[in-house]
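Visitor: just a sequence and a predicted model for now, questions to come.
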Amino acid sequence: HKYPNETLISHGYIGCSPLYPSVPISLWTLATFCQSHQTCPRFGIQAQCKVLCHLHSCPYEPYLKTLLSAAYNVYIDILHWVD
């Protein structure tokens with residue numbers, strides 16, 4: 001593949017930046033958040049990020065929310081293009 005995100009998407013991940021992704025987010029994680037947010041709109045991206053940090057035993061940092069949000073926006077764009 002020419003771009004890192006092409007390789008990531010073929011393995012079920014989306015990078016958090018277009019050219020040099022250093023943090024991949026799984027499509028499953030993004031799909032789970034999408035369903036959770038549709039079921040309970042008050043469950044936002046920051047809450048999801050804190051859950052993921054807790055599951056991975058890493059401290060929450062605000063920049064992680066920005067990365068997750070970027071990947072989620074790309075995921076939503078892909079869903080709109082597929083439909």
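Guide: Received, thanks. This is a predicted model, so every value here is computed, not measured.
Visitor: before we move on, what SS does L19 have?
Guide: Of the three states, L19 takes coil according to DSSP: H, G, I helix; E, B strand; the rest coil.
Visitor: contacts only, for it.
Guide: Taking CB atoms under 8 Å, 6 or more residues apart in numbering as the contact definition, L19 lies against Y3, P4. Every C-beta, even on glycine, is put in place using the N, C-alpha and C of the backbone.
Visitor: now for the protein: which helix has the highest residue count?
Guide: Under DSSP state H, the helix in the chain containing the largest number of residues is helix 62-82.
Visitor: and that helix, what's buried?
Guide: Within helix 62-82, the residues that qualify as buried by neighbour count (16 or more other CB atoms under 10 Å) are L64, K65, L67, L68, S69, A70, A71, Y72, V74, Y75.
Visitor: other residues contacting it?
Guide: By CB under 8 Å, 6+ apart, the list of residues contacting helix 62-82 reads 14-17, 23, 25, 27, 30-31, 33-34, 45-46, 48-49, 52-53.
Visitor: element containing K2, please.
Guide: For K2, there is no enclosing helix or strand under DSSP states H and E.
Visitor: gap between it and D77?
Guide: When distance is defined by CB to CB, to the nearest Å, K2 is 20 Å away from D77.
Visitor: and for A71?
Guide: Distance, A71 to D77, using CB to CB: 11 Å.
Visitor: got it, and F33?
Guide: In this view, F33 and D77 are 15 Å apart by CB to CB.
Visitor: kindly report the same for L67.
Guide: 16 Å.
Visitor: rewinding a little: export the buried residues of helix 62-82 as CSV, with columns for distance to W81.
Guide: What follows is the buried residues of helix 62-82, written out as CSV (distance: CB to CB, whole Å):
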residue, distance to W81
L64, 26
K65, 25
L67, 22
L68, 20
S69, 19
A70, 17
A71, 16
Y72, 15
V74, 11
Y75, 11
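Visitor: with pLDDT as extra columns, can I get these in TSV?
Guide: Converted to TSV, the buried residues of helix 62-82 look like this (pLDDT from 0 to 100):
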residue	pLDDT
L64	95
K65	96
L67	94
L68	96
S69	96
A70	94
A71	95
Y72	96
V74	93
Y75	94
